[in-house]
Structure formats: C-alpha cells, structure tokens
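Participant: Compute the structure for the input listed below.
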Amino acid sequence: MNPMVLFLTQLLPLIVFIIVDSFVADVRISIVAAILFAAGQMVFVYVRTRRFEWLILVDVGLIVALGGISIAFDNEIFFKVKPAIIEGLTIIFILVLILAPGRFLLRYFGRMMPGMVFRPEALRMMKLMLGLICAGTAVHIGGVLYTAFCSSREVWAFVSGPGFYIIVLPIAVVPVIVKRLRASA
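Facilitator: Below is the predicted model of the structure:
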C-alpha cells in the first residue's frame with residue numbers, strides 16, 4: 001500500500017473523533033467512535049488486500065490501547081498523545097531508511113511504488129527528502145504534544161490532523177517544483 005495512503009488512513013479516525021465530538025458532550029463516546037472506525041478500517045483494508053499493513057496494525061493498536069486507557073482513567077490526554085507516538089515510530093523507521101545501504105533504499109521504494117524506476121543517482125536527493133520529512137515530523141510531534149497538554153480539543157484536533165500535512169506536504173512538493181524550474185530554465 002502506498003505510504004501516503006497509509007498516512008491518510010491515520011487521519012480518518014481523527015476526523016471521526018472530531019465529528020462525533022462536535023455532536024456529543026462526552027469525550028468517551030468520541031473516543032469509542034474513533035476506536036470502532038479504526039478497527040473497521042483495518043478490517044476493510046484486510047478484506048481488500050488480504051493482508052494486514054503493519055502501520056495500520058500499530059495505529060489501530062495505539063488507538064485501542066490509548067483510547068481504552070483514556071476512557072478507563074477518564075482522561076483524554078492518553079488518546080491525544082497517540083499521533084505523537086506513531087510519528088515517533090515513523091521517524092525511527094525513516095532514520096533506518098536514511099542509514100540503510102543505497103541498494104536497500106532503492107529496492108524498498110521500488111516495492112512501495114511499482115513501475116517507478118529509481119536510479120542510484122537519486123539516492124542523495126531521496127535521503128535529503130527523508131531527512132526533511134523527519135525534521136517536519138519532529139516539529140509536528142512537538143505541536144501535537146504542546147496542544148494535547150496546553151490547548152483546547154479543537155486546536156489539538158487541527159494540529160494533530162491537518163497540521164501534519166501543512167508542515168510535511170511543502171517538504172515533498174518544493175523539491176519537485178525546484179527540479180521542474182531548473183529543467184525548464
């Protein structure tokens with residue numbers, strides 16, 4: 001499954017949480033809705049692909065575990081820190097990719113994006129972009145943790161969901177734009 005699609009699937013349970021939370025006063029109901037949606041999403045992906053995606057499994061596991069702890073202790077902070085935890089794990093994974101031998105990185109991206117041909121000359125740029133994505137993700141983790149502890153649920157929801165894409169998307173788009181501008185000059 002495409003890595004960007006996997007990241008987008010992490011956003012959907014948060015959107016369900018936000019929608020339900022706007023209609024009910026009890027945050028526990030919103031958390032249960034997000035848990036049920038995430039579990040349903042995992043089943044849907046399994047039925048469609050006939051395999052479990054490890055990132056979705058980890059994400060659903062964290063939603064269930066931290067959502068359950070939040071409900072048990074009547075404290076939503078455990079649920080709110082989930083995006084920071086999954087992104088921390090993602091940073092570790094990306095750092096492994098950056099430090100891996102070039103041929104491993106080329107094979108990994110070849111599997112993730114079938115049909116695309118990656119030349120060894122592209123490795124430097126790929127590693128640079130991965131490093132920038134790590135930096136953007138680290139900034140986002142800081143924002144998620146700050147808003148989880150110091151802001152309203154609405155501000156946290158914006159930062160933890162769309163905030164990630166506001167930070168990371170330009171990192172992915174700017175090098176493409178620069179490359180096209182250089183090619184046309």
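Participant: Tell me the pLDDT of residue 25.
Facilitator: Looking at residue 25, its pLDDT reads 86.
Participant: Over to it. Which of the three states is it?
Facilitator: Classification of residue 25 using DSSP: H, G, I helix; E, B strand; the rest coil returns coil.
Participant: Which parts of the protein belong to which domain?
Facilitator: The chain resolves into domains spanning 1-80, 82-185 when parsed by automatic domain parsing.
Participant: can you give me the helices for this structure?
Facilitator: Counting by DSSP state H, the chain has helices at residues 3-23, 27-49, 54-73, 77-80, 82-99, 102-112, 123-150, 153-160, 162-184.
Participant: Low-confidence regions, the chain specifically.
Facilitator: 1-8 (pLDDT under 70).
Participant: tell me the contacts of residue 133?
Facilitator: 94, 168, 171-172 (CB atoms under 8 Å, 6 or more residues apart in numbering). Placement of C-beta: from N, CA and C, glycine included.
Participant: residues near residue 121, how many?
Facilitator: 7 (other CB atoms under 10 Å).
Participant: go on, residue 19?
Facilitator: Count around residue 19 with other CB under 10 Å applied: 13.
Participant: coming back round to it: name the stretch among the domains of the chain that sits most buried.
Facilitator: domain 1-80 (a mean of 16; mean count of other CB atoms under 10 Å).
Participant: chain center to that domain: distance?
Facilitator: Centroid displacement of domain 1-80 relative to its chain, using CA atoms, centre = their mean, to the nearest Å, is 12 Å.
Participant: what does stretch 121-136 give?
Facilitator: 17 Å.
Participant: Quick check: the gap between residue 19 and residue 28.
Facilitator: As judged by CB to CB, to the nearest Å, residue 19 and residue 28 stand 16 Å apart.
Participant: Just give the closest residue to residue 46, not the sequence neighbours.
Facilitator: Distances taken as CB to CB, 6 or more residues apart in numbering place residue 52 nearest to residue 46, at 5.7 Å, with adjacent residues excluded.
Participant: show me the contacts for the one you found.
Facilitator: Residue 52 neighbours (CB under 8 Å, 6+ apart): 42, 45-46.
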